[in-house]
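S.K.: Build the 3D model from these lines:
(one chain, ligands or ions: 1)
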Amino acid sequence: MHNAPEHVRVLVIGSGPSGWTASLYLSRAMLHPTVLAGDQIGGQLMLTTEIENFPGTLDGTQGPALMMRMREQAEKFGTRVIESIVTRVDFSARPFTVWASIAGEEKAFTADAVLISTGAQSILTGANGEQELIGRGVSTCAVCDAPFYRGKNVIVVGGGDSAMEDTLALTKYADEITIVHRRDSFRASKIMQERVLTHPKVRVRWNSAVKEVRGANGVIDSVLIENTQTATVEEMKTQGMFVAIGHRPASDIFKDQILLDEKGYIVTGFALGEASLALAQTRLKNGFVTFPTMTSIEGVFASGDVVDFRYRQASTAAGFGTMASLDIERWLDAQE
Ligand code: NAP
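M.R.: Okay, the predicted model is just below:
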């Protein structure tokens, strides 16, 4: 027999910078948020070491410590945190229903408003040894880690705008950057390509794929690179590997419920890009656009990297959470 769902005012799904910041604001607005924290509490920052680009972290703060403090701050003002994994949602009627697995038991919640801040994950190449060396020379965030590669030789994997941006970020510190790309042309915008291809520190290995990442004394030492046309394999010494082949937003369980773009990012009123122009216009007519963080379902909001494919920084995710919490507060007020 199933227990009756528990009703809460606001459910926050996800526990990265966006979810914690939104929860802090929602708590201080006396909306008593409940956070369904997910299987990687703290999100992507739990995989990083030192943080230098979150305002106020001048003292060598580590990613996991920063996330713990964000959680404590939200809890101090009344946020309730449930260690749980959301398994399915029903946004077709209000209040919304969300099911979560808590220590192996499924429990249903109903909520007046839901915030989705489930984040995104970097896509990895899947090369042998890559996973084990994350944070030990393998990085998915050049903006964060480039300063640690001063005077070193590194590789960047990918051929899109992210790979170009990462390469340019690295040129400020590293001695030599080799881009490893699986085809013979880049997907990135022409202007970014030109900046990269004319830079004296940059070389490109076209038609190439990383097959294996090798470590020595626990840190990266070399990569095995396969030529995708001739299948020849070569070992290349390197002191860092930046993977920039895209991100996967954690939106699978919402896909039949709210509008996602073709890559799975949640479309909100904030994303007035081409993909959502028609929706934005409809919304404008209906007045919804006054809630920029609202999704295609009124009362369901989204913030952070599950929406934002462009900036993807802890500070932008946190600010996005602030916006969502203020939108939720205003929207709930308008319902009364
Ligand atoms: P992307 O545009 O999807 O490019 C991914 C790149 O990685 C492609 O070159 C792809 O190769 C390669 N790739 C994919 N899977 C791979 C695999 N398994 N092994 C090796 N290589 C693989 O992703 P993105 O660069 O992260 O950009 C995402 C979006 O954000 C884009 O719309 C981009 O324009 C935008 N963005 C904009 C800026 C900016 O304007 N400043 C900066 C960053 C990102 P193929 O080309 O062969 O498919």
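
S.K.: Skipping adjacent residues, who's closest to whichever residue of the chain sits closest to the ligand in space?
M.R.: Going by CB to the nearest ligand atom, the ligand is nearest to G160 of the chain, at 2.4 Å. In short, each C-beta sits where N, CA and C put it, glycine included. Nearest residue to G160, sequence neighbours excluded (CB to CB, 6 or more residues apart in numbering): R187, at 4.8 Å.

S.K.: And G246, by the same measure?
M.R.: G246 sits nearest to I123 (CB to CB, 6+ apart), 4.8 Å away.

S.K.: Pull the number of nearby residues for that neighbour.
M.R.: By other CB atoms under 10 Å, the residues close to I123 number 14.

S.K.: what's the neighbour count on the spatially closest residue to S139 that is not a sequence neighbour?
M.R.: The shortest distance from S139 to any non-neighbouring residue, by CB to CB, 6+ apart, is to D145 (4.4 Å). Neighbour count for D145, taken as other CB under 10 Å: 24.

S.K.: next one: the one 5 residues further on
M.R.: Residue neighbour count, defined by other CB under 10 Å, stands at 10 for R150.

S.K.: cool, and the one 10 residues further on?
M.R.: In terms of burial, G160 registers 17 neighbours under the definition other CB under 10 Å.

S.K.: Quick one: residues contacting the residue nearest to S139.
M.R.: S139, G240, F242 (CB atoms under 8 Å, 6 or more residues apart in numbering).

S.K.: Quick check: which element contains it?
M.R.: helix 142-145 (DSSP states H and E).

S.K.: Which residues belonging to that helix are considered buried?
M.R.: Buried residues in helix 142-145, counting neighbours by 16 or more other CB atoms under 10 Å, are found at A142, C144, D145.

S.K.: cool, stretch 182-197 as well?
M.R.: Neighbour-count burial for stretch 182-197, counted by 16+ other CB under 10 Å, picks out R182, F186, A188, M192, Q193, R195, V196.

S.K.: and the most centrally placed residue in the chain, what does it touch?
M.R.: The centroid of the chain falls nearest to A120 when counting by CA atoms, centre = their mean (3.3 Å). By CB under 8 Å, 6+ apart, the residues touching A120 are Q44, H247, R248, P249, A250, Y265, D305, V306, F309, R312.

S.K.: Around the ligand, which positions in the chain sit nearby?
M.R.: Counting by CB under 6 Å from any ligand atom, the residues of the chain close to the ligand are 125, 157-163, 165, 182-183, 187, 209, 245-246, 309-310.

S.K.: In strands, which of those residues fall?
M.R.: Residues from those lying in strands, with DSSP state E as the criterion: V157, A209.
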